[in-house]
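Asks: Build me a structure from this.
(chains A and B)
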Amino acid sequence: MERKGDMAEPEPPVAPSDPAAPAVAASPVRIYRHRLPTRIWHWANAVTLLILLMSGLMIFNAHPRLYWGQYGANPDHAWFAVGATPTTGFVRIGETRIETTGVLGRWTDAQGAEQTWAFPGWATIPTSYSLADGRRWHLFFAWVLAIGLTLYMLWTAFGGHLRRDLHVRRPEWSPRHIWHDIKDHARLRFPKGEAAARYGILQKLSYIGVIFILLPLMILTGLTMSPAMGAAWPWLLDVFGGRQSARSIHFIAAWLLVLFFLVHLAMVLLAGPVNEVRSMVTGWFRLPPERDA
Amino acid sequence: MSGLILPRRQLIARAGGLVAAAGTLPLLAGCDAINEAPLTRKILSMGEEMNRASQRALIDRDALAREFSRADLSPVFRSNGTKLPAGDAYARHAATGFADWRVAVTGLVAKPLALSMADIRAMPQRSQITRHDCVEGWSAIGEWTGVQLSRILAAAGLKDRARYIVFRCADRIGDALYYESCDLVDALHPQTIMAWALNRELLPIANGAPLRLRIERQLGYKHAKYVTGIEAVASLDGVGAGKGGYWEDRIDYEWYAGI
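Replies: Now for the predicted structure:
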């Protein structure tokens, strides 16, 4: 049975008396879950963010130290640093040093040569050190991200996606409801049947957080690092506390996006990768049958 | 037996390494081939043009980079690039306090000049406490004193055909003397100065003595040090390999370094 419409639109549940019911067991209920803009943006963004991350790590390699405040250079205290001793690689966070030989600070490249750049070649664009090329990739795909995000935010806000799918309804804000969803996720109990047609509260909050908070934060902190933007929009420097603070926030937010990606990926794998990926390609999602059905 | 174990382990390790290398090498080589492809370079360089066009459109010609207070100064102002130009000529200048240093103002100007440091200090001065942003990611705040480039260009009489200002430097890196360039928007910007003092002291050699460019809305590599010449040109085609700067020509840094 097929049902076209937006996922959160209340539709009569499939009851045994429904004339279509006999077919349910054989062909599960399919709903049109992701509209075309969502699908295009999702995959374009997946590629864009991967390129931005890897080229960003290359740029970080040029100066693998982070500071708070308006200024920060080698003579100043870095709250985060990746470095190398004559034999090891390490990460230092505050005063805590963690040895990371082989991965960060000291690693062996594909040709077998030892390198002491912060992030290894397999994690950066391009593979071997080039700040110039890393910047070319980063500053081009930053435009792809910014334009895509702007269009998607507008479509989400005015095209009904926000109201229908992402809007958190009053009862969902109750701590009890949120706690219930957390427990379900922890037990890997995913919604079945009609309940699977809508996003849960944690899903809504994480998608809203990525689209409306994390990604704009990446763009704004990126712009704050631009010396020209400091002249155009000096308030950026006040909002983020300076160019070096913006650089630190940019780095942290990038890893929050990586964290989102890892959880997102895990959820897709656990909830049924074929159905989930297919729905993000074709738009059509099969509602997982009720446990006792 | 024990003699055999070690070689075998080494063998396995080596074989494992080969498999790993065979697995990753083509992938990495493929990525780098994409990076080197002319079409890729062409597409990616659109980013620079979009940055330049959008920032020029968004930012007022004379909008100032933030100026800080003395309380905000970096305790130590880091230097980068050339820290001491090689050669006897520069050493002699340094030994004599740059008394014979001349800055040639040439090209598309009505009246070419050869300015001494005394000439430059006799002109009206500007001091500004600004943030120096290196392309690598670090920043340092310093107080710069010097003469606005616009005053020097006015004294020389910029011709109508002039579109860019090229800066010639005394420091040789590898095969060439350093050079940089900017358009007239940045050249005539009120904060664009030829600075001879850092933090109220004569410019240290590591920071570009006796004279360096400050071009506050762009990244550090644009701020030419050890300046010996200021040249007005109609096009960057005849400058170096044509991209307008030492690093632009050699490793493809952006000519427009506003971000």
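Asks: C-alpha from now on. contacts and neighbour counts both.
Replies: Fine.
Asks: State the distance from A:Phe212 to chain B.
Replies: As judged by Cα to the nearest Cα, to the nearest Å, A:Phe212 and chain B stand 23 Å apart.
Asks: and that residue, that's in a strand?
Replies: No. Per DSSP: H, G, I helix; E, B strand; the rest coil, A:Phe212 lies outside any strand segment and is helix.
Asks: burial count for it?
Replies: Neighbourhood size, A:Phe212 [other Cα atoms under 10 Å in any protein chain shown]: 13.
Asks: any idea whether the closest residue in space to it that isn't next to it in sequence is helix, strand or coil?
Replies: Leaving aside its sequence neighbours, A:Phe212 sits nearest to A:Met153 (Cα to Cα, 6 or more residues apart in numbering or on different chains; 7.6 Å). In three-state terms, and counting by three-state DSSP, A:Met153 is helix.
Asks: A:Met153 contacts A:Ile211, doesn't it?
Replies: Yes. Using Cα atoms under 8 Å, A:Met153 makes contact with A:Ile211 at a distance of 7.2 Å.
Asks: Residue ranges in the stretch 151-293 of chain A under the pLDDT threshold?
Replies: Low-confidence segments of the stretch 151-293 of chain A (pLDDT under 70): A:291-293.
Asks: And the helices in it?
Replies: For the stretch 151-293 of chain A, applying DSSP state H, counting those that start in this stretch gives helices covering A:161, A:175-186, A:201-208, A:215-224, A:227-232, A:235-240, A:243-271, A:273-282.
Asks: What are the phi and psi values at B:Ala140?
Replies: B:Ala140 adopts backbone torsions of phi -140, psi 140, taken as degrees, to the nearest 10.
Asks: correct me, but it touches A:Ala73?
Replies: Yes. B:Ala140 is within contact range of A:Ala73, at 6.4 Å (criterion: Cα under 8 Å).
Asks: what sits in contact with each of the two?
Replies: Shared contacts of B:Ala140 and A:Ala73, defined by Cα atoms under 8 Å, 6 or more residues apart in numbering or on different chains, are found at B:Arg78.
Asks: Okay, and residue 55 sits in which element?
Replies: Because you didn't say which chain, this covers chain A. helix A:36-62 (DSSP states H and E).
Asks: wrong one, chain B
Replies: Counting by DSSP H and E, B:Gln55 is part of helix B:38-58.
Asks: So which other helices or strands are in contact with that helix?
Replies: Applying 3 or more Cα pairs under 8 Å, 6 or more residues apart in numbering or on different chains; DSSP states H and E, one finds that helix B:38-58 contacts helix A:131-158, helix A:227-232.
Asks: List the residues that contact the residue nearest the centre of chain A.
Replies: Residue closest to the average C-alpha location in chain A (Cα atoms, centre = their mean): A:Leu257, at 3.7 Å. Neighbouring residues of A:Leu257 by Cα under 8 Å, 6+ apart: A:210, A:214.
Asks: For chain B, just list every one of the strands.
Replies: In chain B, the strands defined using DSSP state E lie at B:102-107, B:113-116, B:126-133, B:139-148, B:164-173, B:176-183, B:193-198, B:201-202, B:212-214, B:227-233.
Asks: Of all the ones you listed, which one is nearest A:Phe80?
Replies: strand B:139-148 (15.5 Å; Cα to Cα).
Asks: helices or strands next to that closest one in the packing?
Replies: If you count contacts as 3+ Cα pairs under 8 Å, 6+ apart, strand B:139-148 packs onto helix B:117-122, strand B:126-133, strand B:193-198.
Asks: ranking the ones you listed by burial, who's on top?
Replies: strand B:193-198 (a mean of 26; mean count of other Cα atoms under 10 Å in any protein chain shown).
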